[in-house]
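In: pasted the sequence and its predicted model underneath.
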Amino acid sequence: MQWLELTVQVHPEAVESVSELLSTYTSDGIVIEEPYELSDDGQEYRILHGQPVIVHAYLPMDGKEEATKQQIAQGLWHFTSLGAHFVGELQTCVVNEEDWANAWKDYYHVTHIGKRLVIRPSWREYTPKDEEVVLTLDPGMAFGTGVHPTTRMCLEQVEQKVQPGMRILDVGTGSGILALAAAKLGAASVYAIDNSSVAVESAQANAALNDLTDRIQVVLGILDEAEAERTAGQYDLVLANIIAHIIGSIAPQLAQTLAPHGLLVVSGIIEARRPDAEGPLLEAGLELVEEVKIDDWLALVYRKRVSSPSVSEYQ
């Protein structure tokens with residue numbers, strides 16, 4: 001099978017908006033290629049923050065790709081109102097499935113996150129040091145390898161917040177990277193959900209790769225009202241590394257799934273879009289307890305709001 005690869009260079013502040021646009025036209029994955037420099041003979045890298053980011057999307061060559069490309073180009077044109085430097089010209093090329101299956105691996109290297117976490121692509125060798133927790137990852141076409149600031153911040157929160165025996169919900173699991181980290185850090189169970197079949201297959205494969213299928217359940221679906229009601233109050237930690245307006249649209253469901261003492265970690269939020277997520281989360285009865293920022297990306301931590309006792313409760 002052949003694919004039409006769509007590539008556009010964007011300013012870091014435009015990554016979320018461009019990725020959202022592209023994802024409406026393809027269900028087969030978005031690749032965010034951040035600028036980096038290699039070290040340790042090419043096994044590790046450092047992200048060059050603030051420099052242009054390259055976003056890739058892939059359309060199947062099914063006779064509809066040219067029309068879809070024109071729609072995407074028109075959508076990208078509207079971003080030029082932000083300034084010519086925000087979104088570059090759309091580039092395209094045809095790639096064979098077998099070429100894509102290996103070429104994308106060049107973008108991924110061993111990544112150290114937080115104090116203990118190490119992300120090891122399955123095709124690279126790494127010898128862990130004392131106390132390190134190694135996640136072996138084969139992301140395929142699913143987003144989430146620890147490279148992007150939103151994933152990095154979420155992983156740091158997972159490392160800090162997970163306690164042995166916790167029940168955890170991972171909404172929009174992607175490659176399953178957050179679920180893997182939670183399980184390896186001692187969570188009793190992780191329920192991972194995604195509306196992309198590509199992501200579900202990738203997350204299931206990664207759970208098996210790390211011998212965690214007994215503690216990670218990956219399902220195809222969405223966190224709708226029925227799902228939230230079924231799992232109401234069950235989760236000690238809920239993770240949602242998606243995008244701001246999607247987080248806002250499911251804020252009541254996210255709040256409903258939290259146990260009374262539970263915490264919600266949301267990310268995928270660029271600062272300018274913060275109100276899209278935060279307003280609905282506050283309306284859902286949550287309160288902000290912590291926030292982390294890398295460049296213009298945010299990770300926010302919430303808990304259920306504790307009501308002040310009424311006068312009658314003291315009598």
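Out: Received the coordinates, thanks. Numbers count the residues shown, from 1 in each chain.
In: shouldn't Glu201 be within a strand?
Out: No. Per DSSP: H, G, I helix; E, B strand; the rest coil, Glu201 lies outside any strand segment and is helix.
In: can you tell me how far it is from Val171?
Out: According to Cβ to Cβ, to the nearest Å, Glu201 stands 18 Å off from Val171. Glycine gets a C-beta too; all of them are placed from N, C-alpha and C.
In: and the two? Which one has more around it.
Out: Between Glu201 and Val171, counted using other Cβ atoms under 10 Å, the more crowded position is Val171 (26 against 16).
In: residues near the nearest residue to that one once chain neighbours are set aside, how many?
Out: Residue nearest to Val171 in three dimensions, not counting chain neighbours: Ala240, with 4.3 Å by Cβ to Cβ, 6 or more residues apart in numbering. When counting by other Cβ under 10 Å, one arrives at 26 neighbours for Ala240.
In: so Ala240 touches Ala255, yeah?
Out: No. If you go by Cβ atoms under 8 Å, Ala240 and Ala255 don't touch, sitting 11.2 Å apart.
In: what about the spatially most central residue of the chain, distance to Val306?
Out: The centroid of the chain falls nearest to Asn241 when counting by Cα atoms, centre = their mean (4.2 Å). Applying Cβ to Cβ, the value for Asn241 to Val306 is 26 Å.
In: how about Val55?
Out: 41 Å.
In: ok, these two, which is more surrounded?
Out: The neighbour comparison of Val55 against Val306 (other Cβ under 10 Å) goes to Val55, with 22 against 8.
In: what do Ala240 and Ala255 both touch?
Out: Leu264 (Cβ atoms under 8 Å, 6 or more residues apart in numbering).
In: could I get the contacting residues of Tyr25?
Out: Ala57, Leu59, Thr68, Gln71, Ile72.
In: and if we set it to 10 Å?
Out: Applying Cβ atoms under 10 Å, 6 or more residues apart in numbering to Tyr25 gives the contacts Leu6, Ala57, Leu59, Lys64, Glu65, Thr68, Lys69, Gln71, Ile72, Gly75.
In: also Phe86?
Out: Contacts for Phe86 (Cβ under 10 Å, 6+ apart) come out as Gln9, Val10, His11, Pro12, Glu13, Ala14, Ser17, Val18, Pro52, Phe79, Thr80.
In: are any of those residues buried, and which?
Out: Among those, those buried by neighbour count (16 or more other Cβ atoms under 10 Å) are Gln9, Val10, His11, Pro12, Glu13, Ala14, Ser17, Val18, Pro52, Phe79.
In: just the closest of these to Ala208, please.
Out: Lowest distance from Ala208 to these (Cβ to Cβ) belongs to Val18, with 32.7 Å.
In: look at that closest one and give its secondary structure.
Out: When the rule is three-state DSSP, Val18 gets the label helix.
In: which parts of the stretch 51-200 of the chain are strands?
Out: 53-60, 91-96, 111-113, 117-121, 133-137, 167-171, 189-194 (DSSP state E, counting those that start in this stretch).
In: I'd like the ones you listed as a markdown table, with distance to Ala299 and mean pLDDT appended.
Out: Output for the strands of the stretch 51-200 of the chain, formatted as a markdown table (distance: least, Cβ to Cβ, whole Å; pLDDT from 0 to 100):
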| stretch | distance to Ala299 | mean pLDDT |
| --- | --- | --- |
| strand 53-60 | 18 | 87 |
| strand 91-96 | 31 | 86 |
| strand 111-113 | 13 | 87 |
| strand 117-121 | 15 | 89 |
| strand 133-137 | 18 | 91 |
| strand 167-171 | 14 | 98 |
| strand 189-194 | 18 | 97 |
